[in-house]
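Q: The following comprises the amino acid sequence and a computationally predicted model.
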Number of protein chains: 4
Amino acid sequence: MKPWDNVISEEEIRAYRAAGFGRPSGLGIRPALLIIDVQYRTVGTRPQPYFEAIKEFSTSCGDVAWAALPHIERLLALFRKKNWPVLYPHVAPKVQHEGGRLAEKVPAIMNIAAHGYDFVDTIHPRAGDVLLPKKHPSAFFATALASHLIDLQADTLVVTGCSTSGCVRSSVVDAFSLNFKVAVPHDAVYDRSATSHAVNLFDMAEKYADVASTDELLIALEPIEARA
Amino acid sequence: MKPWDNVISEEEIRAYRAAGFGRPSGLGIRPALLIIDVQYRTVGTRPQPYFEAIKEFSTSCGDVAWAALPHIERLLALFRKKNWPVLYPHVAPKVQHEGGRLAEKVPAIMNIAAHGYDFVDTIHPRAGDVLLPKKHPSAFFATALASHLIDLQADTLVVTGCSTSGCVRSSVVDAFSLNFKVAVPHDAVYDRSATSHAVNLFDMAEKYADVASTDELLIALEPIEARA
Amino acid sequence: MKPWDNVISEEEIRAYRAAGFGRPSGLGIRPALLIIDVQYRTVGTRPQPYFEAIKEFSTSCGDVAWAALPHIERLLALFRKKNWPVLYPHVAPKVQHEGGRLAEKVPAIMNIAAHGYDFVDTIHPRAGDVLLPKKHPSAFFATALASHLIDLQADTLVVTGCSTSGCVRSSVVDAFSLNFKVAVPHDAVYDRSATSHAVNLFDMAEKYADVASTDELLIALEPIEARA
Amino acid sequence: MKPWDNVISEEEIRAYRAAGFGRPSGLGIRPALLIIDVQYRTVGTRPQPYFEAIKEFSTSCGDVAWAALPHIERLLALFRKKNWPVLYPHVAPKVQHEGGRLAEKVPAIMNIAAHGYDFVDTIHPRAGDVLLPKKHPSAFFATALASHLIDLQADTLVVTGCSTSGCVRSSVVDAFSLNFKVAVPHDAVYDRSATSHAVNLFDMAEKYADVASTDELLIALEPIEARA
């Protein structure tokens, strides 16, 4: 059972299989964890249904964010145990006159309260983690993410956070283009649209990344050597 | 009626409206046309149903490509009349040992016959057009597309071709991040999955681009001044 | 008289002329001003000879910085009068564990006092200017500078600040590669080495930019139309 | 004795030492060799003095190129023996209407005879090497060089070829910014200006790379493990 089974038809799956898409990339030997935009502005300060949650922050994803959080926490715990690098691409508070195209497409995004930009407590960065403020969908765009990954000699990225159809998707495409191996745990990413979440996971699985559950991914990562 | 109306639920639409997504970017005054990957390898040498078409080229999209072609041709005709720039990001033949992540995810893509890389005759480039061979989903990645657009002082991109969920989507995200205004004519882009086509159009309309029919877009472009 | 006349030999000049280098690019019609790294850390809090100045900040350039400041101020005044965009790429305070290659080559750079990162008072940004924190030589690397310039529809960059052989040089090369027209006022950029300053101006004049005095550049810019 | 000893004054060296520049980066454990623009267009078909050589190709560097070739060959031989990756950023033939800023600064560059673009025979690529056509100074700009280096898990670049003040310099700055360790063998890079060659080596040694003779570099590389 894949997350997109009720959205993508059997014939569409058959079409991709016939064209040879969707083979696994596998994992390398130096993984890094990206936790993208897991801030109160996308989660809310407590679990609430979507239409309640957006009254707190218009960018909140509501219940689905809280469902993803424990999976992100389990992945983070493994990365801490293994001493593997953890990087936090995140949205920094907006400056009004620097809005560009974003301010036109999603003007409400320019007016989020300051505490919305805090990291969610249970996945909070610690000293030594890499913090990457960003203003664009991809965590690579206009940031030093590639430089950090090269410095860390990472070969594999595990991508978590939100939104599946926004920053996760575009970061995965750039990571793929840069020739990192990419794994997306489908229950550790979240999105305000269930359909878009499912289809973006399908797109990534067919073209850019290995998509699996956090359970499956933890099993695959466990044998990889820790860092000193 | 939007292309995603039968795929994205009314409640999902309502969720995006409530969060303030999907406002129009509008058009600027110096448009450029991107025709992405409209080569026989994605179209086939004649109209055929998908499962027939992929026997010729595994990367073919079949009938949906032939349905999009007349719309691309009409847009191209307007750009020719207005003397606006036309750029052709396209896939160059593969070199086996340079496959990277792509060769792992979609190995069949490494073995397309040479004439598959020719441009489709009815949208063929002419002298003065910019040809951009690429090896990655985004037309901006590892190409001089941004340099050309700056040299041309373009402020608006009309993005056509394929696939909606692959090179079109990722090029649109990069164009948005670079602060170009982006318009996607939904009937002039094509994809091997109808569901993924619809959802990627939805994602782009909500977050990155203005999505309209070619008819609507031609009307909006017509009043913009020609180039000398 | 060029700034490199006592450093580059006549035969070397002749060699470049014979090979056809060094033609002018000219100016466009939408200039933007880059003021790079004009912070107390590169200037010092008062004019002092170099070996005194570096006791305050090891990154200070001493007297040559104070000689350049009035020229930067004159250019800034014209850009204010014309309502043309002004952008401030600048170094943000360092985070120790994020040093990468820089911390190896120039470890002293990791320990500059906080007030060294303030902008020099006479060229201070005002509301509406674009501030671009950076960690690498080029003002384009891992920043949204290209996105801002596209949003502003700039076609010409006037590059000032420091150091001529470091951030100015590498920003100019990237601007040239992106197809902006680039002008470098040689008396409005500064460097801790007079020889390196001269030779980098020569390199830029031959290959990437138009190099002139601030007086000459002000005359060339004056007729260009103001922004609304 | 450093290559810049007769060009950069003792006081300037002292100024850089006092400010803490120029510490070594050292070598990593997975080196890659860049051979930049070592084509007949920069070398000529036979050794000749500069002013003779440019009659064959205006972009030729003459005798200094032939002096550098044996050093590049020795480095290449070690990389072949060790089975380490070799990459060839090179200039592809120009297309007239795509000249951009380059065609303005150096118009003669648009008219080089086709055989000038061939690789010099003694350093010719073999099957499996990565060929990277480029149109801009940096070997990273608008190419997939970073993607290849990540796929190869390289951590160290040895940069050879030409010109020291052009493509070598700008590639080194980008490699440094991406956090690769960079070594420049000063007798395996060449330039049409002896002064600019020396000063660019100085700049790179102080800020971006370790600069040494090919002899020294071969000794430092020899103990590093071969690739399977």
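A: In hand now; what should we look at? Computed from a predicted model, the values in this text were never measured in an experiment.
Q: Now for A:Thr122, how many residues are close by?
A: 11 (other CB atoms under 10 Å in any protein chain shown). Every C-beta, even on glycine, is put in place using the N, C-alpha and C of the backbone.
Q: would you list every one of the helices in chain A?
A: A:10-19, A:40-43, A:50-56, A:63-82, A:100-105, A:145-151, A:169-177, A:194-207, A:214-221 (DSSP state H).
Q: can you list those helices in a markdown table and add mean pLDDT, mean neighbour count and distance to chain D?
A: A markdown table is the format used below for the helices of chain A (pLDDT from 0 to 100; neighbours: other CB atoms under 10 Å in any protein chain shown; distance: least, CB to the nearest CB, whole Å):
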| stretch | mean pLDDT | mean neighbour count | distance to chain D |
| --- | --- | --- | --- |
| helix A:10-19 | 95 | 16 | 24 |
| helix A:40-43 | 97 | 26 | 29 |
| helix A:50-56 | 96 | 18 | 38 |
| helix A:63-82 | 98 | 18 | 19 |
| helix A:100-105 | 84 | 20 | 22 |
| helix A:145-151 | 98 | 23 | 4 |
| helix A:169-177 | 98 | 28 | 6 |
| helix A:194-207 | 98 | 25 | 16 |
| helix A:214-221 | 98 | 17 | 18 |
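Q: Now render those as a markdown table, adding distance to chain B.
A: Shown next, in a markdown table, are the helices of chain A (distance: least, CB to the nearest CB, whole Å):
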| stretch | distance to chain B |
| --- | --- |
| helix A:10-19 | 5 |
| helix A:40-43 | 11 |
| helix A:50-56 | 5 |
| helix A:63-82 | 11 |
| helix A:100-105 | 4 |
| helix A:145-151 | 12 |
| helix A:169-177 | 4 |
| helix A:194-207 | 4 |
| helix A:214-221 | 16 |
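Q: Next, format those as TSV and append distance to B:Tyr16.
A: Output for the helices of chain A, formatted as TSV (distance: least, CB to CB, whole Å):
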stretch	distance to B:Tyr16
helix A:10-19	24
helix A:40-43	15
helix A:50-56	10
helix A:63-82	14
helix A:100-105	11
helix A:145-151	28
helix A:169-177	16
helix A:194-207	9
helix A:214-221	27
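Q: what's the closest of those to A:Gly116?
A: In terms of CB to CB, the element of those nearest to A:Gly116 is helix A:40-43, at 3.3 Å.
Q: Run a quick neighbour tally on A:Thr143.
A: A:Thr143: 22 neighbours (other CB under 10 Å).
Q: Without its sequence neighbours, what residue ends up closest to it?
A: Using CB to CB, 6 or more residues apart in numbering or on different chains and skipping residues adjacent in sequence, the residue nearest A:Thr143 is A:Leu132, 4.8 Å away.
Q: list the contacts for that neighbour?
A: A:Leu87, A:Tyr88, A:Pro89, A:His90, A:Ala139, A:Thr143, A:Ala144, A:Leu145, A:His148 (CB atoms under 8 Å, 6 or more residues apart in numbering or on different chains).
Q: Next, the residue lying closest to the third one once chain neighbours are set aside: phi, psi?
A: In space, not counting the residues next to it along the chain, A:Pro89 is nearest to A:Ala139; the distance is 3.5 Å by CB to CB, 6+ apart. Comment: the main-chain dihedrals of A:Ala139 come out as phi -70, psi -10, following degrees, to the nearest 10.
Q: Good, wrapping up.
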